[in-house]
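Trainee: make a model of this:
(one chain, ligands or ions: 1)
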Amino acid sequence: MIDGNMIRHLWTHKTQDHPWLSDEELVIDRAEGVWVWTQTGKKLLDGFAGLAVVNVGHGRREIAEAIAEQTVKLAYYPTTRQFSNRPAAELAAKLASLTPGDLTYTMFAVSGSEANERSMQIARHYWLRKGRPNKHKVIALQGGYHGATAGTFAVCGLPHMVEPYAPLHVPGFAKVAPPHPFRDRGLGTDEEMVQRRAADLREAILREGPETVSAVILEPILSSGGIIVPPLGWLRAVRAICDELEVLMIADEVITGFGRTGRWFAVEHEGVVPDLMSVAKGITSGYVPLSASIARRHLADAFPDDSTQENVHPNTYAAHPVACAAGLANLRIMEQDHLVENAAAMGTRLLGGLRAAVGKRAIVGDVRGRGLRPRARRQARWRPRPQGVGPRRDRLRARQRAAPGPAAVHHRRRDRSARARRRREHRGAGAGDREVSGGSRH
Ligand SMILES: Cc1ncc(COP(=O)(O)O)c(C=O)c1O
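Mentor: Numbers count the residues shown, from 1 in each chain. Sure thing, here's the model as predicted:
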């Protein structure tokens with residue numbers, strides 16, 4: 001049993017944001033399928049698949065065996081200086097067959113953040129190769145999240161997250177509003193809203209100067225920004241603007257990739273092929289970290305095969321053989337178990353269930369989703385009770401207060417700070433809508 005003193009060496013302890021459970025009660029010990037167990041034996045439904053990662057479920061022995069076999073055979077060798085390895089080449093070929101259009105060239109990395117770094121770096125090198133060195137800016141969406149590195153924070157549309165790093169950011173990385181069906185439609189149609197937001201994006205590129213803009217990066221469905229599901233037509237509009245103004249389109253499919261929206265990739269809902277696609281999470285279902293930036297043929301073709309000069313710099317663990325073996329086993333399961341089709345069917349059922357359960361409640365303004373990415377959005381007019389408590393939390397708090405000893409004191413202290421934080425948030429919330437389900441944290 002891990003006790004509080006050990007946990008205190010972990011950085012998670014620096015953010016006490018669980019409203020009622022102690023550190024000890026939040027140690028996850030094991031998992032199977034859709035269930036996880038804490039070290040105290042509590043069984044929890046993993047409704048968010050970790051952080052939208054574990055697409056094939058926990059405890060898949062086939063992946064563990066592929067990892068073990070590859071670890072013994074070749075645990076690591078770099079892919080610098082033209083070296084490669086069998087699982088990496090096989091996985092790149094597999095991805096080329098699964099991704100839409102001619103997205104056929106894969107550069108592997110480790111995290112979703114790095115996948116986006118690589119996508120932006122490939123875009124930059126592409127323009128250098130094309131003799132257009134001024135093209136360096138990347139336009140992103142307000143509410144977009146692309147990772148936790150300095151480069152991806154420059155394109156992050158969540159101001160509270162990037163504020164500490166503002167002095168590090170170069171100017172020109174403009175953010176434009178996405179089409180937000182509930183907040184933004186007004187009395188018009190979805191189509192009009194898409195046209196309005198597309199015009200904003202076009203204007204932003206023109207304002208910056210298309211000759212200086214390298215790429216537009218966007219999530220097909222915004223996740224960390226609060227599950228914003230743009231109407232169909234948005235990605236096609238972005239694609240058209242990028243083509244018109246000679247700007248590359250980067251789709252960040254780190255969360256939406258590998259079946260989460262009921263298609264292998266979310267761009268498929270609109271038949272759009274981005275120039276670069278960043279993927280991670282579901283590529284291995286989290287069994288081993290792995291990510292990738294996948295480029296279209298014409299981008300890869302800009303780099304000659306006989307060049308001895310390095311272009312985009314890979315990191316030490318790029319194309320890690322064990323991670324790629326895990327990825328191959330993971331994708332085999334997804335195909336064998338028809339998990340993408342299942343996500344589409346379950347998504348329809350979940351959305352229907354959510355609509356039936358809460359769609360008519362006064363608190364709920366909008367229920368929508370795509371595949372297993374649903375959300376119910378709170379009505380702007382609705383206000384929570386000042387302390388923002390529900391009956392279950394009341395019961396739990398009452399039980400904690402009744403329990404004697406230091407744990408209860410700890411809980412009470414945490415309750416007070418959580419309450420204070422919630423009060424602050426309510427005060428600052430203004431008239432905007434707030435999320436009631438769907439897990440907006442990445
Ligand atoms: C859309 C999106 N892009 C990028 C990232 C960053 O991925 P990672 O945390 O693996 O660096 C995330 C993380 O949740 C994400 O949701």
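Trainee: who's in contact with stretch 339-351?
Mentor: Here stretch 339-351 makes contact (Cβ atoms under 8 Å, 6 or more residues apart in numbering) with 55-56, 258-264, 333-334, 367-374. (Each C-beta comes from the backbone N, C-alpha and C, glycine too.)
Trainee: among those residues, name the ones in helices.
Mentor: Mapping the contacts of stretch 339-351 onto helices (DSSP state H) picks out 333-334.
Trainee: now do the same contact list for the residue nearest the centre of the chain.
Mentor: Geometric centre of the chain, nearest residue: residue 255, 3.7 Å, by Cα atoms, centre = their mean. Contacts for residue 255 (Cβ under 8 Å, 6+ apart) come out as 52, 112, 219, 221, 223, 281, 442.
Trainee: for it, which three-state class applies?
Mentor: Secondary structure, DSSP: H, G, I helix; E, B strand; the rest coil: residue 255 is coil.
Trainee: nearest to the ligand: which residue in the stretch 251-400 of the chain?
Mentor: The nearest approach of the stretch 251-400 of the chain to the ligand comes at residue 254, 3.5 Å away (Cβ to the nearest ligand atom).
Trainee: shouldn't that residue be in contact with residue 281?
Mentor: Yes - applying Cβ atoms under 8 Å as the test, residue 254 and residue 281 come out as touching, 5.8 Å apart.
Trainee: list the residues that contact both of those two?
Mentor: Here residue 254 and residue 281 share the contacting residues 112, 291, scored by Cβ under 8 Å, 6+ apart.
Trainee: state the distance from residue 315 to residue 85.
Mentor: Distance from residue 315 to residue 85, counting by Cβ to Cβ, to the nearest Å: 15 Å.
Trainee: neighbour count winner among these two?
Mentor: Remark: of residue 315 and residue 85, residue 85 carries more neighbours, 21 against 17, as counted by other Cβ atoms under 10 Å.
Trainee: backbone dihedrals for that one, please?
Mentor: With angles defined as degrees, to the nearest 10, residue 85 sits at phi -150, psi 160.
Trainee: now swap in residue 285 and tell me
Mentor: phi 60, psi 20.
Trainee: count of residues packed around it?
Mentor: 26.
Trainee: cool, residue 115 as well?
Mentor: Residue 115 has 33 nearby residues by other Cβ under 10 Å.
Trainee: before we move on, what about residue 1?
Mentor: A total of 8 residues lie near residue 1 under the criterion other Cβ under 10 Å.
Trainee: just checking, it touches residue 38?
Mentor: No - contact criterion Cβ under 8 Å: residue 1 and residue 38 do not qualify, at 10.7 Å.
Trainee: show me what the host helix or strand of residue 122 is packed against.
Mentor: Element membership for residue 122 (DSSP states H and E) is helix 112-129. Packed against helix 112-129, as judged by 3 or more Cβ pairs under 8 Å, 6 or more residues apart in numbering; DSSP states H and E, are the following elements: strand 103-109, helix 150-154, strand 213-218, strand 248-252, strand 276-279, strand 291-296, helix 297-301.
Trainee: list the buried ones in it?
Mentor: By neighbour count on 16 or more other Cβ atoms under 10 Å, the buried set for helix 112-129 is 112-127.
Trainee: what packs against the helix or strand just after it?
Mentor: Going down the chain from helix 112-129, the next helix or strand is strand 137-141, by DSSP H and E. Counting by 3+ Cβ pairs under 8 Å, 6+ apart, the packing neighbours recorded for strand 137-141 are strand 175-176, helix 190-208, strand 213-218.
Trainee: and for the second one, what are the contacting residues?
Mentor: Residues from elsewhere that reach helix 190-208, judged by Cβ under 8 Å, 6+ apart: 137, 139, 172, 174, 176-179, 181, 184-186, 188, 213, 216, 230-231, 233-234, 237-238, 240-241, 244-245, 247.
Trainee: again, only this time at 7 Å
Mentor: The set of residues external to helix 190-208 that reach it, using Cβ atoms under 7 Å, 6 or more residues apart in numbering, is 137, 139, 172, 174, 176-179, 181, 184-185, 213, 216, 231, 233-234, 237-238, 241, 245, 247.
Trainee: could you flag which of those residues are buried?
Mentor: Neighbour counting by 16+ other Cβ under 10 Å classes 137, 139, 174, 176-179, 181, 184-185, 213, 216, 231, 233-234, 237-238, 241, 245, 247 among those as buried.
Trainee: leaving out chain neighbours, which residue sits closest to residue 246?
Mentor: residue 210 (6.2 Å; Cβ to Cβ, 6 or more residues apart in numbering).
Trainee: list the residues that contact that neighbour.
Mentor: Residue 210 makes contact with 245-247 under the criterion Cβ under 7 Å, 6+ apart.
Trainee: which single one of the residues you listed is nearest to the ligand?
Mentor: Closest approach between the contacts of residue 210 and the ligand, by Cβ to the nearest ligand atom: residue 247, at 19.8 Å.
Trainee: check contacts around residue 177.
Mentor: For residue 177, the contact set (Cβ under 7 Å, 6+ apart) comprises 142, 197, 200.
Trainee: do the same with residue 252
Mentor: The contact partners of residue 252, by Cβ under 7 Å, 6+ apart, come to 116, 146, 217-219, 278.
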